[in-house]
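S.K.: Here you go, sequence then predicted model.
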Amino acid sequence: MNKSRQILLHIFIWTLLVLMFMFLGSGGKNPSYTSLVIFVYFGIVNIAVFYTNYLLILPTFLNRKRYVWCAISIILLVILSTFIKCGLAYYFYNIVMVRNEGKYVMDFWQYFSSAFFVGCVFIFLSTVLKFIIDWFMNEKIKTKLENEKLTSELAFLKSQINPHFLFNSLNNIYSLAYQKSDKTPEAVMKLSEIMRYMLYESNEATVKLDDEIRYLQNYIELQKLRFKDKAYIKFEIDGETNDKRITPLILISFVENAFKHGIATDKDNPIKIVLNVSSNKLFFQVVNRKSVQNKDETGGIGLLNVKRRLDLLYDGEFRLHIDDHESIYNCELYLDL
């Protein structure tokens, strides 16, 4: 809310409160001159106390942790406002100090203590409002900083995916080129299609699940080229996927990990990839035989990356289960789409 709206809102609330108390003070009848004097003049003093504390004293001293000066300033403000009220009371003596047709006269100290107490009430209300507003502002700033930090961290994690994947793919293409394979141009074209998706089509917070599946299929085809079509992969897709969306590049690390650490050339034990969608639930499984030769010297950046992204983007909406047996690696991801 901008400042002009805040000012109008405050004016509206105070006007409404003064009119309400005037109406109640006059017993539901038309406000009398007495009501006007009591609720307008004295109301202005109390409102001035409220905003002097709220806009001047608390921001000047409390925010700077000068608590003693803050307390002294508040006490002086209440005393000053009390003397002003007493001055007004004696100026309107017959209206304020005399009640019940002149039969009861309020003396100075009675009125002084009453005015002092009312001043303290308005100090209390303005202080409470200040703390509430500051709390909401701090929460808003905290949330904004957390979101900015989250966005920055996600951007950093996503930026790690591209060079990590590119590094592995270029190694694969280098292997084909070194062998002078006729499939090298096809591998380069597949890599080009994959990089186009990663750089341009995956910039949104979510993408179509079908596009992500197509991206996985292109990656698998690229791997098959590396193995001269002697890689055995069983990719099963089940369920309605055409109207579902998913965070981009969230599944590739599991498939990449299977090729990097597993055995892809065992016809009897192919790499098994299962993607099942039921309602808004996704089940993704990758199973592969482990190879003792393929070790990731970089420390497994891919899986650490995807685990962190899942924590940030699907907090409480995913379950990742990994069985790392002696010869079999089984990864299962349950995800709310």
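M.R.: Received it, and whenever you're ready, just let me know what you need.

S.K.: Quick one: mean pLDDT over the host helix or strand of residue 80.
M.R.: Applying DSSP states H and E as the criterion places residue 80 in helix 67-91. In this model, helix 67-91 has an average pLDDT of 87.

S.K.: And stretch 223-232, by the same measure?
M.R.: For stretch 223-232, mean pLDDT rounds to 78.

S.K.: quick one: contacts for residue 334?
M.R.: Applying C-beta atoms under 8 Å, 6 or more residues apart in numbering, we find residue 334 in contact with 281, 282, 283, 318, 319, 320, 321. Bear in mind the C-beta positions are built from the backbone N, C-alpha and C, glycine included.

S.K.: switch the cut-off to 10 Å
M.R.: Shown in contact with residue 334 (C-beta atoms under 10 Å, 6 or more residues apart in numbering): 281, 282, 283, 284, 285, 317, 318, 319, 320, 321.

S.K.: quick check, nearest of those to residue 63?
M.R.: residue 317 (39.6 Å; C-beta to C-beta).

S.K.: Is it correct that that closest one is in contact with residue 336?
M.R.: Yes. The pair residue 317 / residue 336 is scored as a contact, 4.0 Å apart, by C-beta atoms under 10 Å.

S.K.: Mutual contacts of those two, please.
M.R.: In contact with both residue 317 and residue 336: residue 280, using C-beta under 10 Å, 6+ apart.

S.K.: list the helices and strands the helix holding residue 80 packs on?
M.R.: helix 42-52, helix 93-96, helix 108-178 (3 or more C-beta pairs under 10 Å, 6 or more residues apart in numbering; DSSP states H and E).

S.K.: tell me which residues in the first one are buried?
M.R.: When you say that, I think you mean helix 42-52. Using 16 or more other C-beta atoms under 10 Å as the test for burial, helix 42-52 gives 42, 43, 45, 46, 47, 49, 50, 52.

S.K.: tell me which of the residues you listed is nearest to residue 194?
M.R.: Residue 194 lies nearest to residue 50 out of these, by C-beta to C-beta, at 64.1 Å.

S.K.: Enumerate every residue touching the closest one.
M.R.: Contacts for residue 50 (C-beta under 10 Å, 6+ apart) come out as 10, 14, 81, 119, 121, 122, 123, 124, 125, 126, 127, 129.

S.K.: 8 Å instead, please
M.R.: 122, 123, 125, 126.

S.K.: Which pair of those spans the longest distance?
M.R.: 123 and 125 (7.4 Å).

S.K.: Those two: which is more packed in?
M.R.: Neighbour comparison, residue 123 and residue 125: the larger count goes to residue 123, with 23 against 15 (by other C-beta atoms under 10 Å).

S.K.: so that one touches residue 74, yeah?
M.R.: Yes. Counting by C-beta atoms under 8 Å, residue 123 does reach residue 74; the two are 5.7 Å apart.

S.K.: Give the residues shared as contacts by those two.
M.R.: Joint contacts of residue 123 and residue 74 (C-beta under 8 Å, 6+ apart) are residue 53.

S.K.: weakest of the helices and strands packed on helix 67-91 in terms of mean pLDDT?
M.R.: helix 93-96 - the lowest mean pLDDT of those, at a mean of 64.

S.K.: quick one: the closest residue to residue 173 other than its chain neighbours from residue 201, how far?
M.R.: Nearest in space to residue 173, with sequence neighbours left out and distances taken as C-beta to C-beta, 6 or more residues apart in numbering, is residue 187 at 5.0 Å. Using C-beta to C-beta, to the nearest Å, we find residue 187 at a distance of 20 Å from residue 201.

S.K.: Compare these two and say which is more crowded by neighbours.
M.R.: A count of neighbours by other C-beta under 10 Å puts residue 187 above the other of residue 187 and residue 201, at 22 against 14.

S.K.: pretty sure the more buried one is touching residue 226, no?
M.R.: Yes. Judged on C-beta under 8 Å, residue 187 makes contact with residue 226 at a distance of 7.3 Å.

S.K.: Quick one: neighbours of residue 281, just the number.
M.R.: 12.

S.K.: residues contacting it?
M.R.: Residue 281 neighbours (C-beta under 8 Å, 6+ apart): 334, 335, 336, 337.

S.K.: wait, isn't the second one in contact with residue 318?
M.R.: It refers to residue 335. Yes. Counting by C-beta under 8 Å, residue 318 is a contact partner of residue 335 at 4.8 Å.
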